[in-house]
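In: missing the sequence, but the structure's below:
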Ligand code: NAD
């Protein structure tokens, strides 16, 4: 049984309470590690250590800070296999996915911001003959970074890397459901020689550790990724303290398929955008709208392709869908399938728990599920399920599908399939989403702004947006 430790002031330490949370492997249901059940006193220690490290860290040149980030990226790449295995066991995702996406992206996050900070510049606003304004973008201090369980190391590092690159020190909290790769990252930070206190990682529950980070008066900037409800709680705490806040929240993303699309590419990609990572990606398209003229063909092909997906032991290289992250989350997904039935939906494929043989016989697996016959305003089509469940609906016209697509409280991402260039641009322009993919999905350029509108979040991550978020702009006006 591995005991995870907090990373505070450069050291790996147990929580002050010396109590731990049992952490199961979702593929087997067996407890395989212990997570610190940290609380406010641990967070206080972490914030103090970050505050003490801050002046020296922010005084270093961006090149010096970048070289630490590059070293960490190199160590993540060196340990690709070990980290991929750890991510798969902790989260339930196929090890092949962790190896291809999660861990390489975590390394890229550090590498990207090591480079980006050296390109980061600010503006000057000359007032002809009178004065010169120039903008300083200084680090803020101690940044709080809180992340979810679905892409554990990928999203954790997506916050930490820009915060550190910009010169802040960090107190970070990974999800209590998937803490292992964050713990392994802390070991790599020590190996990379990151100065004590620059990055602190405190493990434990959201209502204890996350809440203590959010409330702490010496954490003036907070970057959060997780559920919309949690985001609202954090915003309610942070707003009266005037903290700078970035919220990346839930989604209910539409996937709009016009009859004139490149059908085969669309079908391959729609299988991925529906069920990759067991549908536990905030960007998965969970509402599939198909133009009426190809609806029957699409339904037949899509259901056949879904039924052929391999749900298996995540450690098996052939597994295409692994386990659901927790028993509670599996039960939530299955409850939504039941709700869909009650709302009049027809389950075309899936809709149930999958019981595997052998090592994974007690694991939490859900069959990829396709549902049709639901109205666009029913709960199944309005609420985030965050699992391998999609709904199919036909549409007649562009106007109608735009109404369906935009008709939820969320606005994170949307996909759009058409070979008609004019329509593609027109529909993209009208979609209420922070990210629109045309004829693709999850094609990511780390320089682009990333985030959602409506109840999917506030602010943008990625590229220069994150560096701007983790710095304070100051205008200096010099009279000439
Ligand atoms: P969650 O909101 O339950 O937890 C996210 C993190 O917040 C965890 O570390 C948790 O411990 C912590 N937390 C919980 N309560 C807290 C509190 N009161 N104060 C401070 N921190 C608290 O979300 P989850 O179940 O881990 O993740 C799934 C959700 O994340 C989905 O809604 C998904 O759409 C969303 N998500 C969004 C994005 C995005 O980029 N928009 C990316 C990935 C996941």
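Out: In hand now; what should we look at? This is a predicted model, so every value here is computed, not measured.

In: do you have the helices of the stretch 351-480 of the chain handy? List them.
Out: 379-382, 398-406, 421-430, 463-469 (DSSP state H, counting those that start in this stretch).

In: what's the closest of those helices to the ligand?
Out: helix 463-469 (12.3 Å; C-beta to the nearest ligand atom). In short, each C-beta sits where N, CA and C put it, glycine included.

In: list the buried ones in that closest one?
Out: 463-469 (16 or more other C-beta atoms under 10 Å).

In: over to stretch 111-123?
Out: Judged by neighbour count (16+ other C-beta under 10 Å), stretch 111-123 contains these buried residues: 111-114, 116-117, 120.

In: for the protein, which residues are neighbours of the ligand?
Out: Among all residues of the chain, those adjacent to the ligand (criterion: C-beta under 6 Å from any ligand atom) are 146-150, 155, 173, 175-176, 205-207, 210-211, 214, 225-227, 230, 233-234, 248-251, 282, 384, 386, 412, 452, 456-457.

In: now the buried members of these.
Out: 146-150, 155, 173, 175-176, 205-206, 210-211, 214, 225-227, 230, 233-234, 248-251, 282, 384, 386, 412, 452, 456-457.

In: of these, which belong to strands?
Out: Where these overlap with strands, as defined by DSSP state E, the overlap consists of 146, 173, 225, 248, 457.

In: quick check: beta-bridge partners of the first one?
Out: It stands for residue 146. residue 173, residue 224 (DSSP bridges).

In: that one and residue 227 touch, don't they?
Out: No: in terms of C-beta atoms under 8 Å, residue 146 does not count as a neighbour of residue 227; the distance is 11.3 Å.

In: could you list the domains of the protein?
Out: 2-249, 253-447 (automatic domain parsing).

In: just the terminal-to-terminal distance for the shortest one.
Out: The first residue of domain 253-447 is 22 Å away from its last residue (C-alpha to C-alpha, to the nearest Å).

In: hmm, who's touching the longest helix anywhere in the chain?
Out: Residue-count comparison of every helix in the chain, with assignments taken from DSSP state H, identifies helix 40-59 as the longest. When contacts are defined by C-beta atoms under 8 Å, 6 or more residues apart in numbering, helix 40-59 is touched by residues 6, 8-10, 15-17, 36, 65, 138-139, 141-142, 164, 167-171, 195-198, 200, 202, 204, 208-209, 212-213, 216, 218-219.

In: next: stretch 117-129.
Out: With C-beta under 8 Å, 6+ apart as the contact definition, stretch 117-129 has outside contacts at 62-63, 65-66, 132-137, 165-166, 464, 467, 473, 475, 480.

In: kindly recompute the last result at 10 Å.
Out: Outside stretch 117-129, the residues that touch it by C-beta atoms under 10 Å, 6 or more residues apart in numbering are 61-63, 65-66, 69, 113, 131-138, 161-162, 164-167, 464, 467-468, 470-471, 473-480.

In: just the buried ones from those residues?
Out: Neighbour-count burial (16+ other C-beta under 10 Å) is assigned, among the contacts of stretch 117-129, to 62, 65-66, 69, 113, 137, 161-162, 164-167, 464, 467-468, 470-471.

In: circling back: please identify the deepest-packed of the domains of the chain.
Out: Per residue and on average, the most neighbours among the domains of the chain fall to domain 2-249, with a mean of 21 (mean count of other C-beta atoms under 10 Å).

In: first vs last residue of that domain, how far apart are they?
Out: Span of domain 2-249 from end to end, C-alpha to C-alpha: 31 Å.

In: ditto for stretch 395-412
Out: 21 Å.

In: circling back: next, format the helices of the stretch 351-480 of the chain as JSON lines and append mean pLDDT.
Out: Written out in JSON lines, the entries for the helices of the stretch 351-480 of the chain read as follows (pLDDT from 0 to 100):
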{"stretch": "helix 379-382", "mean pLDDT": "98"}
{"stretch": "helix 398-406", "mean pLDDT": "98"}
{"stretch": "helix 421-430", "mean pLDDT": "98"}
{"stretch": "helix 463-469", "mean pLDDT": "97"}
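
In: using a markdown table, please lay out those helices together with distance to residue 241.
Out: Converted to a markdown table, the helices of the stretch 351-480 of the chain look like this (distance: least, C-beta to C-beta, whole Å):
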| stretch | distance to residue 241 |
| --- | --- |
| helix 379-382 | 32 |
| helix 398-406 | 33 |
| helix 421-430 | 37 |
| helix 463-469 | 17 |
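
In: closest one to residue 306 among those?
Out: Nearest to residue 306 among the helices of the stretch 351-480 of the chain is helix 379-382 (17.1 Å), distances taken as C-beta to C-beta.

In: correct me if wrong: residue 149 contacts residue 281.
Out: No: the pair residue 149 and residue 281 does not pass the contact test of C-beta atoms under 10 Å, sitting 11.7 Å apart.

In: residues contacting the spatially closest residue to residue 380 that is not a sequence neighbour?
Out: Among residues not flanking residue 380 along the chain, residue 340 sits closest, at 4.3 Å (C-beta to C-beta, 6 or more residues apart in numbering). Residue 340 is in contact with 346-347, 351, 369, 371-374, 378-381, 385, 389, 391, counting by C-beta under 10 Å, 6+ apart.

In: switch the cut-off to 7 Å
Out: Residue 340 makes contacts with 371, 374, 380, as judged by C-beta atoms under 7 Å, 6 or more residues apart in numbering.
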